[in-house]
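Novice: I would like the atomic coordinates for the input below:
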Amino acid sequence: MRFYRKVIPFILILILLVSAVSAESYSIQDERRYVVRNAYQIKNDGAKEVYNLNIKVLAGSDTDSYYQKNLAFNISPFPSSLSTDEWGNTYAHINIKELKPGQKIDVIVDREILNGGISYNKSIYGIKADYKDFLSNPSNYKYILPGEKIESDNPQIKAKALELTKTGTIVEKAKKIYDFVNLHIKYDATPNYANKGALSGFITGRGVCDEYASLFTALCRAAGIPSRVVEGYWLEDEVKENKWTDVSDRRHSWSEFYLPGEGWIPVEPTFIYTYNGKRVPNENYFANIGAEDKHLITSYMSNPIKNDIDVQYSYYESDSVGMKLISGEESIMLLPKDSEGSSKKSLTDIEGNWAKDYIQKLYEADVVLPREGSMYKPGENITRAEFAAYLAKAIGLKEIEGAGNYRDVSSSNPYAGYIEAASKAGLIQGYNGYFYPEYNITRQDAAVIMERALKFLGKNQVKGSLVYSFADSKDISDYATDAVKLMYELNIMSGKPGNLFAPKDFTTRGEAAKIIWTFMGLL
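Specialist: As a prediction, this is how the structure comes out:
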């Protein structure tokens with residue numbers, strides 16, 4: 001029996017993430033690549049023009065759950081910028097200058113992800129830990145505070161949490177909460193009970209996946225266990241290779257709780273289990289998501305819960321102005337296994353080079369390419385075309401096909417599509433219709449480009465924590481001073497021997513690999 005809740009589809013975008021954790025306590029099963037497609041259509045349904053449409057759409061999440069990795073994205077129309085909220089949910093901002101009566105705008109996003117089942121072994125039950133280090137970061141407080149639909153400060157919920165978690169390790173306490181929620185709520189999709197939140201589910205004992213997930217999270221938070229609600233799709237085996245499958249009725253919510261040293265542990269409290277005609281806790285979905293029941297993450301429930309899409313516009317006359325939002329395609333494609341990886345020739349000239357690890361990791365991730373045969377040429381200077389392409393791929397920008405805007409970048413240039421994408425994103429620009437793809441990039445210009453990339457991704461940029469005092473600071477151009485300082489503070493770029501930054505030196509391909517890899521680690 002399928003349990004789900006239907007919501008408006010939303011726009012997805014990908015930010016490439018790199019996560020590292022000891023996998024001794026868990027295993028990943030049947031990892032497969034999927035493409036998730038979401039679409040909207042915005043139509044001027046009135047008789048007057050509207051101007052300066054500012055479209056803000058939920059664009060997915062920076063996931064740090066171990067059963068999913070984000071790989072690539074493509075969004076149209078191209079966003080002017082991205083922003084990320086405190087929960088890691090990313091929003092794309094699209095600006096349309098004018099929409100005439102009857103005219104339509106299609107907003108489409110394809111996101112490629114790697115997702116698998118996950119199973120934790122029994123060793124996690126014995127872990128004795130506290131949240132001192134986790135909560136030393138103020139940004140983590142939200143995982144133990146009440147929120148919209150998560151009424152962890154309600155006296156009844158607090159009393160039940162205390163009753164359930166008097167003894168035991170963190171995992172043992174979370175399991176007691178899971179067992180209670182799994183048995184307490186009866187699945188009921190009628191409007192009086194569906195999508196009402198934790199307190200409603202607790203009092204009425206009825207609801208849908210939203211109530212199951214919200215109540216588990218509320219009880220955990222009331223017990224001092226950091227927890228969050230995850231939203232996405234629940235898939236069984238109905239998604240086929242190379243075929244789009246409508247998943248508009250597969251929307252689902254579940255929960256995760258945080259275990260120090262192990263990260264976010266998934267729980268699926270909605271699925272019921274009966275034994276000899278009696279309902280008993282479903283042991284199969286605590287700290288476990290089966291390979292046959294894939295849970296594809298799209299977002300984390302925020303506080304307050306935001307609209308999936310917000311459209312603002314201006315007009316000269318208010319009469320006869322009307323906008324119509326149409327929910328479009330919401331589908332998923334399973335990619336064939338033979339497309340999930342290709343054998344690569346080893347790079348033959350990076351052994352012993354200081355940048356070997358950066359180069360190798362980016363090469364395996366298909367971000368950088370050899371320059372000649374199987375040689376990366378780490379000591380040679382990187383070109384503007386190469387840097388634009390590598391950075392575009394690092395943040396998940398797709399190639400833009402067709403004729404570009406630069407007279408010196410032909411369609412036969414292997415980097416043409418990425419140059420156009422990076423240019424449209426405002427990362428690297430040309431001059432008077434020329435891009436100068438074979439020119440090299442100075443170190444200070446590399447810093448400026450990376451600062452733009454951070455701004456494009458909507459990442460917070462904290463300045464002032466470190467002060468650099470390079471011997472050649474006076475040689476840094478005024479336009480690059482702030483960017484160099486920021487790159488130094490974030491450890492994306494550092495100095496050279498002799499306490500030099502060498503701002504006018506060209507950036508080598510080895511240096512570019514270090515810059516891009518370190519930058520990716522901050523996303």
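Novice: quickly list the domain ranges of the protein.
Specialist: 26-309, 356-521 (automatic domain parsing).
Novice: make JSON lines out of these and add distance to S327.
Specialist: Placement of C-beta: from N, CA and C, glycine included. Formatted as JSON lines, those follow (distance: least, C-beta to C-beta, whole Å):
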{"stretch": "domain 26-309", "distance to S327": "7"}
{"stretch": "domain 356-521", "distance to S327": "23"}
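Novice: for those, which one sits closest to G322?
Specialist: Distance to G322, taken as C-beta to C-beta, is lowest for domain 26-309 among the domains of the chain, at 3.6 Å.
Novice: for the record, mean pLDDT for the closest one?
Specialist: On average, the pLDDT along domain 26-309 is 91.
Novice: again with stretch 418-436
Specialist: Here stretch 418-436 scores 92 as its mean pLDDT.
Novice: contacts for that stretch?
Specialist: With contact meaning C-beta atoms under 8 Å, 6 or more residues apart in numbering, stretch 418-436 is reached by 78, 384-385, 387-389, 391-393, 397-400, 404-409, 413, 437, 449, 452-453, 456.
Novice: mark which of those residues are part of helices, please.
Specialist: Judged by DSSP state H, the contacts of stretch 418-436 include 384-385, 387-389, 391-393, 449, 452-453, 456 as members of helices.
Novice: out of these, the closest to S27 would be?
Specialist: Closest approach between the ones in helices among the contacts of stretch 418-436 and S27, by C-beta to C-beta: K393, at 29.7 Å.
Novice: who touches the closest one in this structure?
Specialist: So K393 contacts 366-367, 418 (C-beta under 8 Å, 6+ apart).
Novice: 6 Å instead, please
Specialist: Residues in contact with K393 (C-beta atoms under 6 Å, 6 or more residues apart in numbering) are V367.
Novice: separation between it and A422?
Specialist: K393 is 10 Å from A422, where distance means C-beta to C-beta, to the nearest Å.
Novice: just I150 next, same as before
Specialist: According to C-beta to C-beta, I150 stands 40 Å off from A422.
Novice: ditto for Y300
Specialist: 29 Å.
Novice: so between the two, which is more surrounded?
Specialist: Per other C-beta atoms under 10 Å, whichever of Y300 and A422 has more neighbours is A422, with 30 against 21.
Novice: P146 touches P155, doesn't it?
Specialist: No - counting by C-beta atoms under 6 Å, P146 does not reach P155; the two are 11.9 Å apart.
Novice: who has more neighbours, these two?
Specialist: Legend: neighbour count by other C-beta under 10 Å for P146 and P155, higher for P146 (18 against 9).
Novice: dihedrals phi and psi, the more buried one?
Specialist: phi -70, psi 160 (degrees, to the nearest 10).
Novice: how about M520?
Specialist: As for M520, its main-chain torsions (degrees, to the nearest 10) stand at phi -60, psi -30.
Novice: the longest strand in this protein is where?
Specialist: The residue-count maximum for a strand in the chain (DSSP state E) belongs to strand 26-44.
Novice: tell me the buried residues in it?
Specialist: 26, 28, 31-40, 42-44 (16 or more other C-beta atoms under 10 Å).
Novice: what does stretch 83-95 give?
Specialist: In stretch 83-95, residues buried by neighbour count (16+ other C-beta under 10 Å) are 84-85, 87-94.
Novice: which residues touch G404?
Specialist: 416, 420.
Novice: distance of it from L397?
Specialist: For G404 relative to L397 (C-beta to C-beta), the value is 14 Å.
Novice: returning to what we had before: could you single out the nearest of the buried residues of strand 26-44 to Y193?
Specialist: Using C-beta to C-beta, these come closest to Y193 at N38, 27.5 Å.
Novice: of the contacts of stretch 418-436, buried ones?
Specialist: Neighbour-count burial (16+ other C-beta under 10 Å) applied to those gives 384-385, 387-389, 391-393, 397-400, 404, 406, 409, 413, 437, 449, 452-453, 456.
Novice: what about the strands in the stretch 101-250 of the chain?
Specialist: Ranges of strands in the stretch 101-250 of the chain, per DSSP state E, counting those that start in this stretch, are 104-120, 186-187, 206-207, 227-235, 245-246.
Novice: and for the third one, what's in contact with it?
Specialist: Applying C-beta under 6 Å, 6+ apart, the contact partners of strand 206-207 are 185-186, 188, 193, 201.
Novice: check the last one too.
Specialist: Outside of strand 245-246, the residues within contact range by C-beta under 6 Å, 6+ apart are 239, 331-332.
Novice: what's the closest of those residues to I309?
Specialist: In terms of C-beta to C-beta, no member of those lies closer to I309 than S331, at 17.9 Å.
Novice: could you check how far the closest residue to the closest one other than its chain neighbours is from A425?
Specialist: Once flanking residues are discounted, S331 sits nearest to W244: 4.4 Å by C-beta to C-beta, 6 or more residues apart in numbering. Distance of W244 to A425, given as C-beta to C-beta: 27 Å.
Novice: from the geometric centre of the protein, which residue sits farthest away?
Specialist: Relative to the centre of the chain, the most outlying C-alpha is that of N276, 42.8 Å out, by C-alpha atoms, centre = their mean.
Novice: would you confirm that G46 contacts K324?
Specialist: No - if you go by C-beta under 6 Å, G46 and K324 don't touch, sitting 8.9 Å apart.
Novice: please say which of these two ends up with more neighbours.
Specialist: Legend: neighbour count by other C-beta under 10 Å for G46 and K324, higher for G46 (19 against 11).
Novice: how about the nearest residue to that one, chain neighbours excluded?
Specialist: Nearest non-adjacent residue to G46, counting by C-beta to C-beta, 6+ apart: G322, 3.6 Å away.
Novice: same question for V448.
Specialist: Closest to V448 by C-beta to C-beta, 6+ apart is A483, at 4.4 Å.
Novice: swap in D106?
Specialist: Q41 (5.4 Å).
Novice: can you check G290 too?
Specialist: Closest residue to G290 apart from its sequence neighbours, by C-beta to C-beta, 6+ apart: G117 at 5.2 Å.
Novice: likewise for A161?
Specialist: A161 sits nearest to A222 (C-beta to C-beta, 6+ apart), 3.7 Å away.
Novice: can you check I516 too?
Specialist: That would be A394: by C-beta to C-beta, 6+ apart, it lies 5.0 Å from I516.
Novice: centroid-nearest residue for this protein?
Specialist: Short answer for the chain (C-alpha atoms, centre = their mean): D62, at 2.5 Å.
Novice: separation between the residue lying closest to it once chain neighbours are set aside and I94?
Specialist: Excluding the flanking residues, the one nearest D62 by C-beta to C-beta, 6+ apart is G88, at 4.3 Å. Shown here: G88 relative to I94, a distance of 21 Å by C-beta to C-beta.
Novice: also V109?
Specialist: 11 Å.
Novice: now swap in D505 and tell me
Specialist: D505 sits at a distance of 38 Å from I94 (criterion: C-beta to C-beta).
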